[in-house]
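**Q** Need the 3D shape of this:
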Amino acid sequence: MFKQYRNCVRLDSRLAVVAGGAGLIGAEIVKCLCAFGADVVLLDVAADRGEAVAREAAEQGGSCRFDCCDLSDVLTISAEIARIEDRYGPMDVWVNCAYPHTADWNRKLEDVTPESWRVNVDMHMNGYCISAAEVARHMAARGGGSIISVGSIQGHVAPDFRIYEGTDMISPAAYTAIKGGIRMYSKYLASYYGRQNVRVNVVSPGGIFNNQAEAFIARYNDKTCLGRLAWPQEIAPAVVFLASDAASYITGLDLLVDGGLTAL
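**A** Numbering: from 1, shown residues only. The predicted model follows:
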């Protein structure tokens, strides 16, 4: 199948669209896709940051363009996907890594209102699921493609609240429900569109270093086989792998990139 194995991860001449590409993980995914030759469209609501990331990514190889786009309104997703393909062409790779949430996102469980819960699930989980389904429909009609959503270890295991003690950090209740939902819906799409050569996978990172409180970092590190948090740059190659021909027989997978936290 592969003439040269060294080329099976290359993404030359493929259009990859990254929703949430200006974020902590998203920016590294954009850069990594460009480094492997993809033509990348970075979607985000943060225009200044998005433009800056697009310029940095283009220096890696490939090309990158920024498009100011908000996919948190589920009622406009179908029109937005159509607009993106009309403007940039048929996409070969779709990456969901946006992180929309309300201002009260970090409340404790007992303080979460039903309205906040509903809005966050609608923006994040429903946004991911509906956009992935819409993209899959387009890909299926023309013979295939690759969809990757960024999940979380909290789609697999509950948070250990002891690691947050003595800090102002919290693991939002809706986050676990959202990431678990994204994980299972991706498997559903993988089954539904598999015969049309649409591959649907998830990359689930563990904790990412982001200048957290020292107490949190120490406790978290103790929970992992590798003894540390991840760097954002360590998540991006997993996404590129799943987007590429190197993963041509992989679908319905949730790839854990967690330093061994869930192995213990």
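
**Q** which residues of the stretch 1-150 of the chain fall in strands?
**A** 15-19, 39-44, 63-68, 93-96, 145-150 (DSSP state E, counting those that start in this stretch).

**Q** Compare those strands and give me the one nearest H124.
**A** H124 lies closest to strand 93-96 among the strands of the stretch 1-150 of the chain, at 9.8 Å (C-beta to C-beta). From N, CA and C alone the C-beta is placed, and that goes for glycine too.

**Q** and the closest one, what's its mean pLDDT?
**A** The predicted model assigns strand 93-96 a mean pLDDT of 98.

**Q** Need the contact partners of stretch 138-150.
**A** 20, 25-26, 29, 81, 85, 90-97, 128, 132, 135-136, 182, 186, 189, 193, 196-205, 235, 239, 242-244, 247 (C-beta atoms under 8 Å, 6 or more residues apart in numbering).

**Q** Please report how far N221 lies from G206.
**A** 11 Å (C-beta to C-beta, to the nearest Å).

**Q** the more surrounded of these two?
**A** G206 (23 against 15; other C-beta atoms under 10 Å).

**Q** returning to that earlier point: which among the contacts of stretch 138-150 count as buried?
**A** 20, 25-26, 29, 81, 91-97, 128, 132, 135-136, 182, 186, 189, 193, 198-205, 235, 239, 242-244, 247 (16 or more other C-beta atoms under 10 Å).

**Q** Now, those that are in helices?
**A** 25-26, 29, 81, 128, 132, 135-136, 182, 186, 189, 193, 239, 242-243 (DSSP state H).

**Q** Now for those residues: which two are most distant?
**A** Using C-beta to C-beta, these reach their maximum pairwise distance at I25 and Y193, which is 25.1 Å.

**Q** in the protein, which strand has the most residues?
**A** Taking DSSP state E as the criterion, the chain has its longest strand at strand 198-205.

**Q** Kindly provide the whole-number mean pLDDT of it.
**A** Averaged across strand 198-205, pLDDT comes to 98.

**Q** now do stretch 179-191
**A** For stretch 179-191, mean pLDDT rounds to 98.

**Q** Make 38 the first number, not 1, from now on.
**A** Shifting the count to begin at 38 puts that one at stretch 216-228.

**Q** Any idea how far it is from the middle of the chain?
**A** 13 Å (C-alpha atoms, centre = their mean, to the nearest Å).

**Q** burial of P274, as a residue count?
**A** 17.

**Q** Is it correct that it falls within a helix?
**A** Yes - per DSSP: H, G, I helix; E, B strand; the rest coil, P274 lies within a helix segment.
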